[in-house]
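Participant: Whatever this is, show me its structure:
(3 chains)
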Amino acid sequence: MPELPEVETMVRGLRPEIEGREILNVEFCPCTRRPIQITPSARMFRRKMEKQEVLRVYRFAKRVVIEISSGDSIVVEPRMTGLMLVSAAPTQEHRRLCWHLKQKRGKAASFEFWDRRGLGTVRLLSSAEMTDLRASLGPDALEITVDEWKTRLEKTSRAIKVAMLDQKMVAGIGNLYASEILHRAGVSPTKAANRITDRQVQRIAVETTDVLETAIRYEGSTLSDGTYRNALNKDGGYQNEHRVYQKADLPCQNCRSGTIKRIVQAQRSTFYCPKCQR
DNA sequence: ATTAATGTTCAGAA
DNA sequence: TTTCTGAACATTAA
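Facilitator: Residues are numbered from 1 along each chain as shown, chains lettered A, B, ... in the order given. Have a look, this model is predicted:
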């Protein structure tokens, strides 16, 4: 599932292929069972995009943002199973949108949004709407400072794992990486955020940066369901580095005496070692 | 054959 | 105000 490292990987795959290219037209793939969630209307969406140049491609939290020459931005939120691709999609069936580009030698002819479950969204936002979107989320997980972590965490009594998933608190961390970060930081996922010690906040800050940057180097995590792929439809590699996620009942690689446990928090699985995470 | 599990976000309830 | 729950979705595993 695309969290920060997976979205960053999509952006890096997309960028060299589509930046500076002209969008000729947008195809709403007919094979889609239900229409993709698009704003504004499909007609407007298409009209505002055609003949525009892709100025830049970047990541914003868990979203892919494609800024075009009109000043508007295409904002793609992959949610659970969405992918941005510049190569053939995993299946024809779940292709949702395809942007056709003006031909350029050695470059992709198009890029597309593929989404098996169809929870993803694609929106066209004005620069003012982009500003609002920015203001609605917390600092990016790769930019947040220790002091920001501290002041934000002490404002809530929710469990630290639940707080880390709150995008208004810190943007970019999802269910998988929250468990991995807390394990490496040695902090219990159930501990109230406002009771985390300064030393633990420091550990969380360090491990957040380390885990996310390492995962980006590995091009994200592709789970057993095989859903996540990079922009070239290749698997990521970070799943082999996981220490707790989906590893219930296996021995803890950190303390070597504990056993990884699965619990449910806010209706989502949390994996941790009760022995070395306090 | 039914049911649970999967995770992100938002709306609405507690 | 803050925290919690359910719904949206498709597919697989039990």
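
Participant: Name the helix or strand for residue A:23, please.
Facilitator: Assigned by DSSP states H and E, residue A:23 belongs to strand A:23-28.

Participant: For that strand, buried residues please.
Facilitator: For strand A:23-28, a neighbour-count test (16 or more other C-beta atoms under 10 Å) marks A:23-24, A:26 as buried. To be clear about C-beta, it is placed using only N, CA and C from the backbone, and glycine gets the same treatment.

Participant: quick one: contacts of it?
Facilitator: Under the contact criterion C-beta atoms under 8 Å, 6 or more residues apart in numbering, strand A:23-28 has outside partners A:35-36, A:42, A:45-46, A:49-54, A:68, A:96-102.

Participant: PyMOL command for the buried members of those residues?
Facilitator: Per 16+ other C-beta under 10 Å, the buried members of the contacts of strand A:23-28 correspond to this PyMOL selection:
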select buried, chain A and resi 36+45+46+49+52+53+54+68+96+97+98+99+100+101
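
Participant: Next to DNA strand C in this structure, residues from chain A, please.
Facilitator: Residues of chain A lying near DNA strand C by C-beta under 7 Å from any atom of the strand: A:33-34, A:80, A:93-94, A:116-119, A:155-159, A:162, A:225, A:266-267.

Participant: For the residues you listed, which ChimeraX command selects only the ones that are buried?
Facilitator: Restricted to buried positions by 16+ other C-beta under 10 Å, the ChimeraX selection for these reads:
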select /A:94,116,118,158,159,162
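
Participant: Check which element follows the lowest-mean-pLDDT helix or strand in chain A along the chain.
Facilitator: None of the helices or strands of chain A scores lower by mean pLDDT, DSSP states H and E than strand A:37-39, at a mean of 64. Going down the chain from strand A:37-39, the next helix or strand is helix A:42-49, by DSSP H and E.

Participant: show me the contacts for residue A:221.
Facilitator: With C-beta under 8 Å, 6+ apart, residue A:221 has these contacts: A:5-6, A:176, A:215, A:228, A:236, A:238-239, A:242, A:245.

Participant: quick one: residue A:175 and residue A:265 touch, right?
Facilitator: No: counting by C-beta atoms under 8 Å, residue A:265 is not a contact partner of residue A:175; they are 9.5 Å apart.

Participant: Now residue A:132: phi and psi?
Facilitator: With angles defined as degrees, to the nearest 10, residue A:132 sits at phi -60, psi -40.

Participant: Which pLDDT value goes with it?
Facilitator: In this model, residue A:132 is scored at 86, pLDDT.

Participant: For residue A:48, which residues are in contact?
Facilitator: Residue A:48 neighbours (C-beta under 8 Å, 6+ apart): A:70, A:72, A:124.

Participant: What is the lowest-pLDDT residue among the buried residues of strand A:23-28?
Facilitator: Within those, pLDDT is lowest for residue A:26, at 91.

Participant: returning to that earlier point: mind listing which of the residues of chain A next to DNA strand C are in helices?
Facilitator: Taking DSSP state H, the ones among the residues of chain A next to DNA strand C that sit in helices are residue A:162.

Participant: Of the buried residues of strand A:23-28, just say which sits nearest to DNA strand B.
Facilitator: Comparing the buried residues of strand A:23-28 against DNA strand B with C-beta to the nearest atom of the strand places residue A:26 closest, at 22.7 Å.

Participant: so the closest one bridges to which residues?
Facilitator: residue A:99 (DSSP bridges).

Participant: Switch the contacts of residue A:221 over to TSV, and while doing so, append secondary structure to every line.
Facilitator: Output for the contacts of residue A:221, formatted as TSV (DSSP: H, G, I helix; E, B strand; the rest coil):
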residue	secondary structure
A:5	helix
A:6	helix
A:176	helix
A:215	helix
A:228	coil
A:236	coil
A:238	helix
A:239	helix
A:242	coil
A:245	coil
